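# Please find the sequence and the predicted model below.
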Amino acid sequence: MEFFEQVFLGNPLREWGIALLWAIGGVVVGKLLYRWFSRRMRKLAGKTETQLDDLIVDQVEEPLALAVILLGFWFGYDHLHFGENIDQFMEHVFSIAVAIDITWMAARLLDSLLGSLMTRTGEQSDSAMMSQMAPILRKTLRSTVWVLGVIMAMNNAGYDVGALLAGVGIGGLAMGLAAKDFVANIFGGITVFVDKPFLVGDRVQLDGVDGIVTEVGIRSTRIKTLAGRIVTIPNHKFTESIVENVTAEPARKIRLDLGMTYDTTPERIEEAIGILTEIIEKHVGTENDTIIWFSGFGDFSLNVSAIYYVRKEADVSLTPGAINLEVLRRFNEAKLEFAFPTQTLIHQGEVGANSAAE
């Protein structure tokens, strides 16, 4: 037994052997725990209807196995002594390793749960923006968890993190000021996603831009104007300006003005109003809320006006076109004449007198 009492690096070989057994035992138990989670716990989780337990088992098995291995190494090192300074340093190392392992498990869990939640939300909302926001939100969450974990690890190891946080705060303020517009666009994109003032495919009007929304991104939105051009608008514009969603209107208001000749009698005006009322109210693309009246005396015509509304599901161009064509056909059949700009010139004096003067 004298062999085990021999000293190597300040510790008896017996203590080295015990430390080695603790380390090997930790590795073996860690692997057994990992296999047990992989086989038994996954089978139990697979029998349930919810996917939450499957995600938890899948994400915690590796950090738990690492925690058991670290625990074995810690108990093993507890049998060895290399001086106060080295022992204190190793204690800090193990504290940092445990904090990092806990952070790793928390980051994996939160990232997996958030990814599953956003996947289901994206499938339900069918929004292209969700697929763009999901990676950014997941990376932001992971980064936040790791930063907090590193700070916790350094604090547990005895380091003064106050000065570090002060420096990070000043640097963060400078970066925030430099990236002000970028951050504003990010929050503008989140506002568009949450508030949903419009969707892809809607026609919107904003600051003189009128077109169809083709893509909603995390930083900007693309709109195809009525002229066929693509306009890219930063998302913060949607929180600072008035956005008019043309597609969301319940119906499109249309005003129709007709000018009849001045020799049209009151009875014929009433007939024109009746024909116009019949055409508009019988069309399948219009609502019942229609106003038609004799609107006044123009410079060269007697005016008949109509206000009607095109249904949301009807075409806002073809419906008025069909009504106008039917008005032209019916008015021609009824011999109702449309007025056009005319001028009557009245000359005073006699032609003969003017000729004699010449």
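Yep, it's here. Numbering: from 1, shown residues only.

# mind listing what Val301 touches?
Not Val; residue 301 is Ser. Residues near Ser301 by CB atoms under 8 Å, 6 or more residues apart in numbering: Gly259, Met260, Thr261, Tyr262, Phe338, Ala339. Every C-beta, even on glycine, is put in place using the N, C-alpha and C of the backbone.

# Who is the second one paired with across the strands?
Counting by DSSP bridges, Met260 is bridged to Leu302, Phe338.

# Any idea how many residues pack against it?
21 (other CB atoms under 10 Å).

# so it makes contact with Lys335?
No. Using CB atoms under 8 Å, Met260 is not in contact with Lys335; the gap is 11.5 Å.

# Okay, strands next: where are they in this structure?
Counting by DSSP state E, the segments of the chain that form strands are 7-8, 11-12, 203-206, 209-216, 220-225, 230-234, 244-245, 251-260, 291-297, 302-311.

# Would you tell me which of those strands gets closest to Ile280?
Between Ile280 and the strands of the chain, the tightest spacing by CB to CB is seen for strand 302-311, at 4.9 Å.

# between the closest one and strand 251-260, how big is the angle?
160 degrees (axes from the mean of the first three to the mean of the last three CA atoms, to 10 degrees).

# Run the angle between strand 302-311 and strand 291-297 for me.
Using the same axes, to 10 degrees: strand 302-311 against strand 291-297 is 150 degrees.

# hmm, back to that, now the buried members of the contacts of Ser301.
Neighbour-count burial (16 or more other CB atoms under 10 Å) applied to those gives Gly259, Met260, Ala339.

# one step back: would you format the strands of the chain as CSV with distance to Lys282 and mean pLDDT included?
Putting the strands of the chain into CSV (distance: least, CB to CB, whole Å; pLDDT from 0 to 100) gives the following:
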stretch, distance to Lys282, mean pLDDT
strand 7-8, 105, 66
strand 11-12, 103, 73
strand 203-206, 28, 90
strand 209-216, 31, 90
strand 220-225, 35, 90
strand 230-234, 40, 91
strand 244-245, 30, 90
strand 251-260, 15, 93
strand 291-297, 13, 94
strand 302-311, 12, 94
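
# Which one, of the ones you listed, ends up nearest to Lys47?
Closest among these, once you apply CB to CB, is strand 209-216, at 40.4 Å.

# ok, and what's touching the closest one?
Against strand 209-216 from outside (CB under 8 Å, 6+ apart): 127-129, 189, 192-193, 198-204, 221-226, 230-231, 233, 246.

# same deal with stretch 254-269?
Contact with stretch 254-269 is made by 272, 276, 294-295, 298, 300-310, 320, 323-324, 327, 336-340, as judged by CB under 8 Å, 6+ apart.

# Mind splitting the chain into its structural domains?
According to automatic domain parsing, the chain comprises the domains 8-158, 188-245, 251-333.

# Using JSON lines, please lay out those together with distance to Thr344.
Formatted as JSON lines, the domains of the chain follow (distance: least, CB to CB, whole Å):
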{"stretch": "domain 8-158", "distance to Thr344": "63"}
{"stretch": "domain 188-245", "distance to Thr344": "42"}
{"stretch": "domain 251-333", "distance to Thr344": "10"}
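
# which one of those has the lowest average pLDDT?
Of all the domains of the chain, domain 8-158 carries the lowest average pLDDT, namely a mean of 77.

# centre of the chain versus it, how much separation?
With CA atoms, centre = their mean, to the nearest Å as the basis, domain 8-158 stands 33 Å off its chain's centre.

# Next: stretch 282-297.
41 Å.

# can you check stretch 319-333 too?
Counting by CA atoms, centre = their mean, stretch 319-333 comes out at 45 Å from the chain centroid.

# Let me see the contact set for Thr286.
Per CB under 8 Å, 6+ apart, neighbours of Thr286: Ile280, Tyr308, Tyr309, Val310, Arg311, Ala314, Thr319, Ile323.

# what's the spacing between it and Ala322?
The spacing between Thr286 and Ala322, counted by CB to CB, to the nearest Å, is 10 Å.

# just checking, Glu15 touches Tyr77?
No. Using CB under 8 Å, Glu15 makes no contact with Tyr77, being 10.3 Å away.

# And the helices in this structure, which stretches?
For the chain, the helices defined by DSSP state H occupy 13-36, 42-46, 52-77, 84-125, 128-156, 161-178, 180-195, 237-240, 266-282, 318-333, 351-357.

# most tightly surrounded among those?
Ranked by mean neighbour count, the helices of the chain are led by helix 52-77 with a mean of 18 (mean count of other CB atoms under 10 Å).
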